[in-house]
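>>> Dropping a prediction and its sequence here:
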Amino acid sequence: MGLRGEPVRLAEGDHVRREARIAGLRAFETPSLEAVERRRRQLWVRTALALAAVVVGIAILSTWPADREVVLDAAMLRRGVLVLAGAFCAYAVAQEWHLSRLTHLLTDERVLTAALTNRLHEVELLLDAGKEMHAVLEMPLLVETILHSATELLGAGGGSVMLLEGGELVAVRVRGREEASGTRLRLGEGVAGHVALRREPILIDGTVDPREFPGLADRAPYVESAMSVPLVHRDQLYGVLNVNAAVGHGFTQHDLRALAVFGGQAAGALANARLYEAERATVAELRQVRPGDGREVG
């Protein structure tokens, strides 16, 4: 996709350079917004001076003595001055149009650059979070790392990690609403159960409809903004990750996509931790003395 998008970016760059040359900014390969504003000020200062000169010229011609011998008629001179003034104003308006278009292009480019910078920063954070999670194999510490990384990544005010245990979701780690720790939900119950059952991320803003989420917990039906994503790795459900926005802030679909990517990494780390726990339990069993044989296996 990046390679296919490259010719478009090059074409846009050529367009910016063409507009810059037309607007009189030939010294710049890619002019800045500040250079465009300076050019605009110069253009309108010159336009104001030219119009002032036209007014003075017309005033002089209007008071020109009728009996004085002139090569051209005063009325004809006035018309000529007005035509020149009109032509210069048309030129100034055309230049202003090109400058405005150039400003629009450069503003769009700045916005795209800022968006790309933010996206790269998010990717860097996701990679760092993935490395940090996959370096932890103890389940309690891993769950704390997942929740901490998720809230840091999205600037969330709180959240929870719910793991699947015995067909139910259990809130094993909670931030911002600690009394909810240990809460159990059946699949399909409440928002988290809905997400776990359908294995689809969800973004909620404002009022939550209890009819849409049967068995919704007994809490205020209004939330500022919240997201929930399933923790699925290789088609196996490990739990649900929930995050709540800080007061005065809201999540977007872009945030939901970022959390979904993060959730995939977290689910992979949970799978590794579960495998590590299973292997450690197996090794511990093998090292125990088997009843009846009187010897230790190890």
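Everything's here; your move.
>>> burial measure for Leu216, as a count.
18 (other CB atoms under 10 Å). C-beta coordinates here come from the backbone N, C-alpha and C atoms, glycine included.
>>> what do you get for Asn272?
Neighbour number of Asn272 under other CB under 10 Å is 17.
>>> List the residues that contact Ser100.
If you count contacts by CB atoms under 8 Å, 6 or more residues apart in numbering, Ser100 has none.
>>> so which helix or strand takes in it?
Counting by DSSP states H and E, the element that carries Ser100 is helix 74-134.
>>> what do you get for Gly215?
With DSSP H and E as criterion, Gly215 is part of no helix or strand.
>>> Pretty sure it sits against Val191.
No - in this structure, Gly215 is not within contact of Val191 by CB atoms under 8 Å, at 9.9 Å.
>>> Among these two, which residue is more densely surrounded?
Higher neighbour count among Gly215 and Val191: Val191, with 22 against 13, using other CB under 10 Å.
>>> Give me the buried positions along the strand or helix carrying the more buried one.
Here Val191 sits within helix 190-198, counting by DSSP H and E. If you call a residue buried by 16 or more other CB atoms under 10 Å, then helix 190-198 has these buried ones: Gly190, Val191, Ala192, Gly193, His194, Val195, Ala196.
>>> same question, stretch 157-167
For stretch 157-167, using 16+ other CB under 10 Å, the buried residues are Gly157, Gly158, Gly159, Ser160, Val161, Met162, Leu163, Leu164.
>>> Assumed Val229 was part of a strand.
Yes - according to DSSP: H, G, I helix; E, B strand; the rest coil, Val229 belongs to a strand.
>>> For it, report the pLDDT, please.
Looking at Val229, its pLDDT reads 96.
>>> try Glu200
94.
>>> Tell me the spacing between the residue nearest to it when sequence neighbours are not counted and Leu270.
Leaving out its chain neighbours, the residue that sits closest to Glu200 by CB to CB, 6 or more residues apart in numbering is Pro230, at 7.1 Å. According to CB to CB, to the nearest Å, Pro230 and Leu270 sit 12 Å apart.
>>> Common neighbours of those two, please.
Gly239.
>>> returning to what we had before: what's in contact with the helix holding Val191?
162, 164, 169, 185-188, 201-202, 204, 208, 212-213, 215-217, 226, 228-230, 237, 239-240, 242.
>>> Kindly confirm my reading that Thr282 is in a strand.
No - using three-state DSSP, the secondary structure at Thr282 is helix, not a strand.
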